[in-house]
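**Student:** Give the three-dimensional model of this entry:
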Amino acid sequence: MKNKPKKMKKQAILIIVFPVVMVASCRPVQETTVTVEPWQAGDTVGGKVLYALPRTSLVIRVTAEKTLYVPGPFRAYAKKYLGIDPPITQARTEWNLVSAEISSFREPDPDRYFVITTNGLLAENALRMTRSGLILDLAGVSDKAAPAFSVESDEPDGKPYFTDLSVKRNFAEKLDTLYRTVLQDTGYVRIPVVRTTFEKKTTEQKAEEAANFIIKIRKRRFKLMAGQYDVYPKDEALEFAVKEMTRLENEYLALFTGKKVTQRWYYRFIVTPEDAGKQPVVFRFSPQTGVCTASSCQGIPVYLQFEAGKGITTGEEGYTGIAVDKLFYRIPRMTTVRLICNDRTLASRHLLIYQFGPVIPLPAKVILPTS
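**Tutor:** This next block holds a predicted model:
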């Protein structure tokens, strides 16, 4: 009998709550309508959501090697004083493409902007498509565009100079004998007077001194290695002495044989493909002048070649109008991108390129999977 009042109280609560639930369930649910239409520059977007379809831009990085051949100032006397024929007799420059690589990044397509208008909450699909990269939220896109072309080098672009031409003075003493006439008791007498003058050495004289210095280095290095000196360095000291003498010999030998200097240059190009059937020229290359932009010099064209895989080919039509309860998105197409120079493949990469794929409408009320 004591539990009866509690049981009656629970029944009363159920009787009160049930009609409220029934009334709430009978209310008409207001459907959310999503309207998507293309956006043109200058249109207002107040109270609307602006999004863009992504496009793929390619980053081409190229490493080129520049080799400078500089003849030595004493090359004309190499045969006479050293008995060798100089390998470098004329100044020239050679360029060679060492390596290349292809990468990509996504950016908004300026020709594929859309405006979402809704009378309720934004469809969950738009958020999921933004996270998956099928559409881009322009609020989160940086407006700082990278330059389409840039170049760097590991060394300053300057020719090497020969500064150490001799270990001796640049002037040579010259003794001249002059005669001075002096009046003495018996008459005029010519007295010889020795005068010391300095003249600039000729190129051949400097070449002879440099050749003699090279021979002297070789002789002393041989005596050092043969142990013919009273004081004989050992271990690291001997190794260091021989190494330095060899380096000094090579520096003076370059006065006759010439110098070969190699530099590395790094280029970056940004290309946005438009059509898989086109082969855009990225840059031009010349073995004499190196790498330059496609419009600034003459040379071998280095271009991109696209091989798009199979994909959906319909659905592009219809996105120019107004769509109700649909969101437009773009399906990228797997494409093999190659960088070609003279029928030689410098780099190859498999990439997803958005603009090669179709634009597809998706029902706004269909929930995309989370993964």
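
**Student:** what about the residue nearest to R268 when sequence neighbours are not counted, neighbour count?
**Tutor:** Spatially, and ignoring its direct neighbours in sequence, R268 is nearest to S150 (4.8 Å; C-beta to C-beta, 6 or more residues apart in numbering). Any C-beta I mention is one placed from the backbone N, CA and C, and that applies to glycine too. S150 has 12 neighbours, counted by other C-beta atoms under 10 Å.

**Student:** any idea which element S150 lies in?
**Tutor:** strand 149-153 (DSSP states H and E).

**Student:** Now do that strand: distance to the chain's middle.
**Tutor:** Remark: strand 149-153 is offset 6 Å from the chain centroid, using C-alpha atoms, centre = their mean, to the nearest Å.

**Student:** next one: stretch 264-279
**Tutor:** 12 Å.

**Student:** so the residue nearest to R268 touches W265, yeah?
**Tutor:** No - under the criterion of C-beta atoms under 8 Å, S150 makes no contact with W265, lying 11.3 Å away.

**Student:** which stretches of the stretch 51-200 of the chain have low pLDDT?
**Tutor:** For the stretch 51-200 of the chain, applying pLDDT under 70 flags the ranges 119-128, 131-146, 155-160.

**Student:** So for the helix or strand hosting Y69, what gets flagged as buried?
**Tutor:** Assigning secondary structure by DSSP H and E places Y69 in strand 49-70. Of the residues in strand 49-70, 49, 51-58, 60, 62, 64, 66, 68-70 count as buried by neighbour count, 16 or more other C-beta atoms under 10 Å.

**Student:** Let me have the helix or strand just after it in CSV, keeping just the CA atoms, if that works.
**Tutor:** Next helix or strand after strand 49-70 toward the C-terminus (DSSP H and E): helix 78-81. Taking Å, rounded to 0.1, in the frame of the first residue of the first chain, the C-alpha atoms of helix 78-81 are listed here in CSV:
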residue,chain,number,x,y,z
ALA,A,78,104.1,25.9,-71.3
LYS,A,79,105.8,23.9,-74.0
LYS,A,80,109.1,25.9,-73.7
TYR,A,81,109.6,25.9,-70.0
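
**Student:** Ramachandran coordinates for the nearest residue to S57 once chain neighbours are set aside?
**Tutor:** Among residues not flanking S57 along the chain, T272 sits closest, at 4.6 Å (C-beta to C-beta, 6+ apart). Phi and psi for T272, reported as degrees, to the nearest 10, are phi -110, psi 110.
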